[in-house]
Structure formats: C-alpha cells, structure tokens
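S.K.: Predicted model and sequence below, questions to follow.
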Amino acid sequence: METPPLSTTLRLFHRTCPGPSGAPPLSDGSTGGGWPLRPYEVMVIFDAGLEDDVIRAYVDRITELVTTKGGVPGPVEHWGKRRFAYELRHRWEGYYALLSAEAEPAVMAEVHRMLSLADEVIRHKIVRIPDAVVASRARPAPVAVAAGEQTDEPGQESEGELKR
C-alpha cells in the first residue's frame, strides 16, 4: 500500500479536525478557503502628541491591512483625546480610536503584531465579538409606539402613560 503525499494528508487532517475555540475546520484545499470571517473590535490608544493626520493615516494602514488579507473593515470611531486614570509610558493623555472589522484570526494576529511594533501606539486591545452579540445586533429595532396606543407587552408603556 502506497502512502499518500504529505500535502494530501495535511489537507485531510485540516478538514476533519476542528479549529481553535471550536471553530469549524478549514474548507477543502481546492478553493483555497480558510477560517470563516469573524467580527472583531480593535481599540487603539495613540500618543496624544501626534497630529490628527498621522493618526488617521495609521488607522488607514490598519484597515488597508485587513482589506488586503481578505477581511472586511467596518466603521471607525475616533473618540479623540482622553485623560488616563493613571500614567502609561510616561504619558497622561491618549487619542482613542475604535475600529470594527470582520476577518480571519490570522489577519487579526497580523494586526496585533503591527500594533505591538508601532511606536505611535501606547496600548491596543483586539476583541472578538461573540456570536450572541452579533445576532442581537442583527435584530431589527423595536417599533416605537405612538402616544395613546396600548401595547400587549408588559413594560412597554406609551409616552402618554409615562407622563402621568
């Protein structure tokens, strides 16, 4: 009996073994697929002494990295300068930015490496958004009840009932 080549064995191994944290296995090697895209939030604290253009350029580099590696960058929130509760790297103030993205875990590992090596970044945190939170965000917002209408659900009073 002839032994299959190593590449075939590894492909079969990846198809049958679950990924880290119970993730689904890789797709078959024919399409070059990988891990499914997962939602992440990246909080970055930049040095407050940097110009706004420099900070925006660095945020653009992060989103460009996510895009080139096959991820989907989401909205970016610039929170601006905020004072720290304690001193970090001999600084008392930092510029906060929150980035959202959907990407494979390997892409986020590369973003983590990039942020760890950057002198402009004081701190950063990458958080994977749990599936339950993503599902709750996808639900439509409840419809507002017009004044004077009655609702069937408890705890949902109309504005007229609240003002009494």
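M.R.: Now that the structure is in, tell me what you want to look at. Quantities reported herein were computed from a predicted structural model and do not represent experimental measurements.
S.K.: Go ahead and name everything in contact with stretch 80-88.
M.R.: Stretch 80-88 is contacted from outside by 45, 48, 91-96, 122-123, using Cβ atoms under 8 Å, 6 or more residues apart in numbering. (C-beta placed from N, C-alpha, C; glycine too.)
S.K.: average pLDDT across that stretch?
M.R.: Mean pLDDT, stretch 80-88: 92.
S.K.: Now it - C-alpha only, CSV.
M.R.: The C-alpha coordinates for stretch 80-88 follow below in CSV (Å, rounded to 0.1, in the frame of the first residue of the first chain):
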residue,chain,number,x,y,z
GLY,A,80,-10.4,61.8,20.4
LYS,A,81,-8.1,62.8,23.3
ARG,A,82,-8.9,61.5,26.7
ARG,A,83,-7.1,61.6,30.0
PHE,A,84,-5.8,58.3,31.5
ALA,A,85,-6.7,57.2,35.0
TYR,A,86,-3.0,56.5,35.6
GLU,A,87,0.3,57.1,33.8
LEU,A,88,1.0,54.9,30.8
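S.K.: any idea which element residue 57 lies in?
M.R.: Secondary structure assigned from DSSP states H and E places residue 57 in helix 52-68.
S.K.: and that helix, what other elements does it pack with?
M.R.: Applying 3 or more Cβ pairs under 8 Å, 6 or more residues apart in numbering; DSSP states H and E, one finds that helix 52-68 makes contact with strand 38-47, strand 72-88, strand 91-103, helix 105-117.
S.K.: which one among the contacts of stretch 80-88 gets closest to residue 110?
M.R.: Set against residue 110, the nearest of these by Cβ to Cβ is residue 123 (18.3 Å).
S.K.: dump the residue contacts of the closest one.
M.R.: Going by Cβ under 8 Å, 6+ apart, residue 123 touches 44-45, 88, 94.
S.K.: Show me what it is bridged to.
M.R.: On the basis of DSSP bridges, residue 123 is bridged to residue 45.
S.K.: and it, what pLDDT?
M.R.: 95.
S.K.: what's the spacing between it and residue 47?
M.R.: Residue 123 sits 11 Å away from residue 47, going by Cβ to Cβ, to the nearest Å.
S.K.: Any regions of this structure where pLDDT drops low?
M.R.: 1-35, 138-164 (pLDDT under 70).
S.K.: at 90 what do you get?
M.R.: Applying pLDDT under 90 to the chain picks out residues 1-37, 87-89, 129-164.
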